[in-house]
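Student: return atomic coordinates for the entry below.
(one chain, ligands or ions: 1)
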Amino acid sequence: MKKILGIGGSPRKGGNSDILLQRLLKGASDEGVATEEIQLREYQFQPCIACERCRKDKECTGLQDGMQLIYPKIREAGGMILISPIYSYNVTALTKSFIDRLYSFYHFSDERPGQWSSHLAGQGRKAIIAVVGEQATRAEGGMDLTLETMRRSVEALGYEVVDELPVLGIFHKGKVREYPQVLEQAEALGRRLASLL
Ligand SMILES: Cc1cc2nc3c(=O)[nH]c(=O)nc-3n(C[C@H](O)[C@H](O)[C@H](O)COP(=O)(O)O)c2cc1C
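Tutor: Numbers count the residues shown, from 1 in each chain. The predicted model follows:
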């Protein structure tokens, strides 16, 4: 469980999210914690189709695709770093599809709407959520909305979100490299997450 899984939700290889995720994970591994980086764009998976088979099977059995490779990685890591660029005021479609496929970690009561819980809750799991966007202010480009989507989804799964990293005003591929203080902040947050596990 003393491991951190970094999950990148940008379709753009080598872009700002990739660079930030690598720095977040570098901070964590400098602190002596095992880390693994995965990029969602490298996995072939579908959005959730609401087959509801996971309610009975307690895992996703309805879609045999790349998510089946990701589920065990999530289970075995006590820490998670989830990063997405903002696309149209929210997470990327890739990130949203990923979040929806985590539905199989939930247990629901028979009546709907009704009570629910997460199979991952109560295990001391901790997370950082990170977002990068083009607009200069939080309100303008959807930063708050994007962070809220990620926070609520990750908390519902049973993680404590220990830090958020909002990075504003970055559009071009790799531009974040020109902001060493942001990269240092990412490393510091990675170290903090590792120290809390
Ligand atoms: C389809 C698309 C939609 C975008 N929508 C927004 C937006 O609503 N708000 C914003 O601040 N930036 C928006 N951006 C800019 C990206 O968030 C920005 O370029 C970010 O640095 C990309 O991160 P990446 O290099 O990790 O892919 C959008 C970019 C694309 C390609």
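Student: helix, strand or coil for the residue nearest the centre of the chain?
Tutor: Ranked by distance to the mean C-alpha position of the chain (C-alpha atoms, centre = their mean), the top residue is Leu82 at 2.3 Å. Using DSSP: H, G, I helix; E, B strand; the rest coil as the criterion, the local structure at Leu82 reads strand.
Student: swap in Phe171?
Tutor: Classification of Phe171 by three-state DSSP places it in coil.
Student: and it, what does it touch?
Tutor: Listed by C-beta atoms under 8 Å, 6 or more residues apart in numbering, the contact partners of Phe171 are Glu134. C-betas here are computed from N, CA, C, even on glycine.
Student: where's it relative to the ligand, distance?
Tutor: Using C-beta to the nearest ligand atom, to the nearest Å, Phe171 is found at 4 Å from the ligand.
Student: can you give me the pLDDT of that residue?
Tutor: If you check Phe171, the pLDDT there is 97.
Student: go on, Ser117?
Tutor: According to the model's per-residue confidence, Ser117 sits at a pLDDT of 92.
Student: residue farthest from the centroid of the chain?
Tutor: Residue farthest from the centre of the chain, counting by C-alpha atoms, centre = their mean, is Glu111 at 29.5 Å.
Student: quickly note the distance from that one to Ser118.
Tutor: Computed with C-beta to C-beta, to the nearest Å, the distance linking Glu111 and Ser118 is 18 Å.
Student: am I right that Ile7 is in a strand?
Tutor: Yes - when classified by three-state DSSP, Ile7 is found to be part of a strand.
Student: tell me the bridge partners for it.
Tutor: Applying DSSP bridges to Ile7 gives these bridge partners: Ile38, Leu82.
Student: up against the ligand, what does this structure have?
Tutor: By the criterion of C-beta under 6 Å from any ligand atom, the positions of the chain lying close to the ligand are 10, 12, 15-17, 85-89, 132-135, 141-142, 170-171, 173.
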